[in-house]
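**Student:** need a 3D model of the sequence below.
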Amino acid sequence: MMKNRLIWKLLAVNIPIVVIVITLIWLSVDYLAADYFMVLMDKYHISPTETHAMFLSAVHRYLIKASLIAIVIAVIVGFLMNKKILDPLSQMIKVTEKIANGDYSTRVKIKSSDEISQLGEAFNRMADSLQKIEALRKNMVIDVAHELRTPLTNVRGYLEALSDGVVKPEKETYDLLLQEAGRLTELVEDLNKLTKADMAELNVKKEPLILPEIIEKTVSFYKPLISDKKIDISLHFSPKADTIVADKNQLHQVLNNLMQNACRYTPDGGKIEIKTTSEIHGIQVTVTNTGTPIPQEALPLIFERFYRVDKSRSRDSGGAGIGLAIVKKLISAHGGEVGAESGDNKNHVWFRLPV
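**Tutor:** Below is the predicted model of the structure:
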């Protein structure tokens, strides 16, 4: 209905132009052609009065017929052309209504390459982005619910047991409840970090940084855990990869997440190596740890939020699957890349920042 109204509005805009053209032709015949006709009649000594009236009458008659035909043709052609032009707009209106109702699957059909079709292509890209965002939102709600279910179920179970007298109110019980509360707090903090990482691109404050200093400072924070697990850690810094331009806080967060990940999955007595290299496209930092290799099919997925290689791992042993997702977000905000390789009982996780 709206499309038809637009077509008739466009036709209504064109009809006055046709009327103006016809009027100009009419006046031209009356004043210019008629005057020229009078000159010819006078030149050949023909009485102009009756002939002039017949001439104007005939011209006006044919002009009216031609004008009516022209208007009909203009309306038909204009209707068909406007219908073709406005078809993508009509589709966009329908798709917009569906998107407003929560259906993100419909797209505008592109049949040409004019400006309206380009608008349709831009509209389809927007719809794709909205669909991806909606899918991420739903997945995130499902994943968060899944992560919250276990600690909340445990807390509820202990509290019901305490209320029913099945479990005695001893220090060990309260310690378990405190542990579950800590898991909930940690998950909330991870989600908060992930939200900030999503906004990282808007808050990047780059400055020249001494990369070895940043890495050594991060590693020092994990020395107690490294010592407890008897992990052998080694650092290898390339002289050509000494200085990097990045956001200091965000780079600390990236290195912290990679170290936390490496320490978690490195077995007692294992090895962790951090190496910096100068590549063609920038400076690369690689964190390598010994341990169970990541399956090849899982490598492209480890940077996705809430993804865990071993689905059977608990949150205590396997984390929530947010750390590497935050790394990817922060590095992407710097215009960099992330990646991972695995083999020979070693896992290599790396990021590269442009120089």
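**Student:** which secondary structure element is home to Ser234?
**Tutor:** strand 232-236 (DSSP states H and E).
**Student:** can you list the domains in this protein?
**Tutor:** 2-103, 128-198, 204-353 (automatic domain parsing).
**Student:** compare the mean pLDDT across those domains and name the weakest.
**Tutor:** Mean pLDDT across those is lowest at domain 2-103; the value there is a mean of 68.
**Student:** neighbours of Ser117, just the number please.
**Tutor:** The local packing of Ser117 (other Cβ atoms under 10 Å) involves 17 other residues. For the C-beta atoms, the positions are set from N, CA and C on the backbone; glycine is no exception.
**Student:** going forward, count from 274.
**Tutor:** Shifting the count to begin at 274 puts that one at Ser390.
**Student:** how about it, what does it touch?
**Tutor:** Applying Cβ atoms under 8 Å, 6 or more residues apart in numbering to Ser390 gives the contacts Pro361, Ile383, Lys384.
**Student:** adding neighbour count and distance to Asn522, write the residues you listed out as JSON lines.
**Tutor:** Formatted as JSON lines, the contacts of Ser390 follow (neighbours: other Cβ atoms under 10 Å; distance: Cβ to Cβ, whole Å):
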{"residue": "Pro361", "neighbour count": "24", "distance to Asn522": "46"}
{"residue": "Ile383", "neighbour count": "16", "distance to Asn522": "44"}
{"residue": "Lys384", "neighbour count": "11", "distance to Asn522": "50"}
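**Student:** closest one of the residues you listed to Ala454?
**Tutor:** Ile383 (54.1 Å; Cβ to Cβ).
**Student:** against Asp360, how distant is that closest one?
**Tutor:** Computed with Cβ to Cβ, to the nearest Å, the distance linking Ile383 and Asp360 is 10 Å.
**Student:** check Asn476 too.
**Tutor:** Counting by Cβ to Cβ, the gap from Asn476 to Asp360 is 43 Å.
**Student:** the more surrounded of those two?
**Tutor:** Shown here are Asn476 and Asp360; by other Cβ under 10 Å, Asp360 has more neighbours (18 against 11).
**Student:** quick check, that one in a helix?
**Tutor:** Yes: assessed with DSSP: H, G, I helix; E, B strand; the rest coil, Asp360 lies in a helix.
**Student:** helices along the stretch 524-628 of the chain, start to end?
**Tutor:** Assigned helices in the stretch 524-628 of the chain, in chain order: 588-591, 596-606 (criterion: DSSP state H, counting those that start in this stretch).
**Student:** where do the helices sit along the stretch 324-473 of the chain?
**Tutor:** Under DSSP H, counting those that start in this stretch, the stretch 324-473 of the chain gives helices at 388-437, 444-471.
**Student:** can I get these in JSON lines including distance to His525?
**Tutor:** Shown next, in JSON lines, are these (distance: least, Cβ to Cβ, whole Å):
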{"stretch": "helix 388-437", "distance to His525": "25"}
{"stretch": "helix 444-471", "distance to His525": "12"}
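**Student:** between these, which gets nearest to Gln526?
**Tutor:** helix 444-471 (7.4 Å).
**Student:** who's in contact with stretch 394-402?
**Tutor:** Taking Cβ under 8 Å, 6+ apart as the rule, stretch 394-402 contacts Met365, Val368, Ile372, Tyr377, Thr379, Arg380, Val381, Ile383.
**Student:** having no further points to raise, I will conclude here.
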